[in-house]
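Student: can you look at this prediction? I've put the sequence above it.
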Amino acid sequence: MSFNINDIQWQNEEYKDNYMKQVMDLKQLESDRSPVPGQDSKYEIENWIDFNVIQENKVIKLATYKQRAQNEIKAVLIIFHGLNSHIGQSSHIAEFLSKKGIEVVGYDFRGFGKSEGIRGYCESVQQHIEDANKFVSLIENIYSNKKIFIAGQSWGGSTVYKLSLDNPNRFQGVILYAPAIKDNKYNSRIGKFFVGILASIYPKLHTLPQRFGLSNKNLNVPDELMKDPYAYNGNIIVGTIKHILNLSSQLENTYKDYKARFLCLTAGKDKLVDPLLGFQLNHESPSEDKTHIFYNNCWHNMWKEQEIYEMNQVVADWILKRI
């Protein structure tokens with residue numbers, strides 16, 4: 001399937017419905033197996049600052065990461081991971097950007113990666129954003145004389161969108177990788193309905209096993225993630241899903257208020273979020289500095305798709321032009 005979507009087609013409801021249905025019908029193929037980006041890389045420094053939060057009246061430690069810029073620090077990028085992931089899965093991105101003079105830092109969300117906390121569980125949208133704000137404030141204090149950018153994939157994308165929506169001039173720029181700011185309505189509609197009901201009663205309930213294979217074209221990626229001890233591969237926790245969907249639903253109605261400088265990278269074959277959301281955001285946002293790039297053959301987990309090598313250069317150039 002190949003589409004060259006323009007600013008007229010994405011606004012045509014019949015065209016969009018046809019497009020989305022074809023995306024959902026796509027299957028992973030053995031012929032698409034390839035080396036997984038970043039599988040042999042890791043962050044240079046871990047736990048470089050103390051970052052502690054409270055969960056159920058207990059202090060827990062969140063894992064932090066840093067990839068130092070080579071030579072002079074030209075800019076600082078705070079990066080946020082997606083659901084069931086961890087910052088270590090962005091290490092290849094950090095390595096590339098560090099060679100361009102961009103220092104990259106991040107942390108694992110509570111309950112994910114190497115962070116402490118209830119495994120795979122997000123307590124609330126408010127708590128999640130408070131953690132993110134707290135970490136950003138720490139970084140702003142440490143790098144008080146540097147230009148700070150933020151980036152995030154999927155859930156991390158909705159996180160940085162929310163941070164910059166509330167304070168559009170706080171950051172020098174925002175990079176959105178397939179951000180979860182508009183749900184794919186064709187993905188598990190009935191399942192999401194029951195998740196909402198169950199989460200209201202038993203938010204920590206573990207339900208069905210995760211469906212691997214929705215996020216990447218390359219079959220080697222889910223194979224790798226299943227072996228990753230820091231990825232969350234357990235059963236779906238209904239409260240976590242409910243909070244992510246609620247945040248996405250809230251943000252979907254804010255595009256006309258989004259004034260931050262942004263680079264939005266979207267995946268044409270995204271089964272988890274609306275693959276066409278970038279067109280809508282770019283059309284509705286009043287930002288005076290906005291860029292949307294649509295990667296037609298890319299799937300949702302952009303950090304592990306082959307297109308990430310091209311994206312790395314795009315992101316580096318975009319950042320360096322804004323310092």
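Tutor: Arrived safely, thanks for sending. On a predicted model such as this, the values are computed, not experimentally measured, just so you know.

Student: and Ser31, which of the three is it?
Tutor: Secondary structure assignment for Ser31 (DSSP: H, G, I helix; E, B strand; the rest coil): helix.

Student: who are the contact partners of it?
Tutor: Residues in contact with Ser31, defined by C-beta atoms under 8 Å, 6 or more residues apart in numbering, are absent; none qualify. For every residue, glycine as well, the C-beta is placed using N, CA and C.

Student: hey, where'd the strands end up in this structure?
Tutor: 45-46, 52-55, 58-61, 64-67, 75-80, 102-107, 148-153, 173-177, 262-267, 290-295 (DSSP state E).

Student: want to try JSON lines for those strands, with distance to Ile236 as columns?
Tutor: As requested, the strands of the chain are exported to JSON lines (distance: least, C-beta to C-beta, whole Å):
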{"stretch": "strand 45-46", "distance to Ile236": "28"}
{"stretch": "strand 52-55", "distance to Ile236": "20"}
{"stretch": "strand 58-61", "distance to Ile236": "22"}
{"stretch": "strand 64-67", "distance to Ile236": "26"}
{"stretch": "strand 75-80", "distance to Ile236": "21"}
{"stretch": "strand 102-107", "distance to Ile236": "23"}
{"stretch": "strand 148-153", "distance to Ile236": "19"}
{"stretch": "strand 173-177", "distance to Ile236": "22"}
{"stretch": "strand 262-267", "distance to Ile236": "22"}
{"stretch": "strand 290-295", "distance to Ile236": "27"}
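
Student: out of those strands, which comes closest to Gly213?
Tutor: Ranking these by their distance to Gly213 (criterion: C-beta to C-beta) puts strand 262-267 first, at 14.8 Å.

Student: returning to that earlier point: select, out of the strands of the chain, the one closest to Met24.
Tutor: By C-beta to C-beta (comparing all of the strands of the chain), the closest turns out to be strand 262-267, at 13.4 Å.

Student: relative to the closest one, what are the paired strands and their orientations?
Tutor: Strands flanking strand 262-267 in the sheet, each with its direction: strand 173-177 (parallel), strand 290-295 (parallel) (DSSP bridges).

Student: from the ones you listed, which stretch is densest packed?
Tutor: The highest average neighbour count among those, using mean count of other C-beta atoms under 10 Å, belongs to strand 173-177 at a mean of 27.

Student: between that strand and strand 75-80, how big is the angle?
Tutor: Using axes from the mean of the first three to the mean of the last three C-alpha atoms, to 10 degrees, one finds that strand 173-177 and strand 75-80 are set 40 degrees apart in direction.

Student: any weak-confidence spans in the stretch 1-150 of the chain?
Tutor: 1-7 (pLDDT under 70).

Student: can you map out the helices along it?
Tutor: 13-25, 91-98, 125-142 (DSSP state H, counting those that start in this stretch).

Student: return the last one as CSV; C-alpha atoms alone will do.
Tutor: Provided in CSV are the C-alpha atoms of helix 125-142 (Å, rounded to 0.1, in the frame of the first residue of the first chain):
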residue,chain,number,x,y,z
VAL,A,125,-2.5,11.7,34.2
GLN,A,126,-1.9,14.4,36.8
GLN,A,127,0.8,12.3,38.5
HIS,A,128,2.5,11.5,35.2
ILE,A,129,2.6,15.1,34.2
GLU,A,130,3.8,16.2,37.6
ASP,A,131,6.7,13.7,37.4
ALA,A,132,7.6,15.1,33.9
ASN,A,133,7.5,18.7,35.1
LYS,A,134,9.7,17.9,38.1
PHE,A,135,12.3,16.3,35.9
VAL,A,136,12.2,19.2,33.4
SER,A,137,12.7,21.6,36.3
LEU,A,138,15.8,19.7,37.5
ILE,A,139,17.3,19.8,34.0
GLU,A,140,16.5,23.5,33.6
ASN,A,141,18.4,24.2,36.8
ILE,A,142,21.4,22.1,35.8
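
Student: got a list of contacts for that helix?
Tutor: 49, 51, 53, 62, 64, 76, 78, 80, 105, 107, 109-110, 122, 148, 150, 159-160, 162-163, 170, 243, 246-247, 250.
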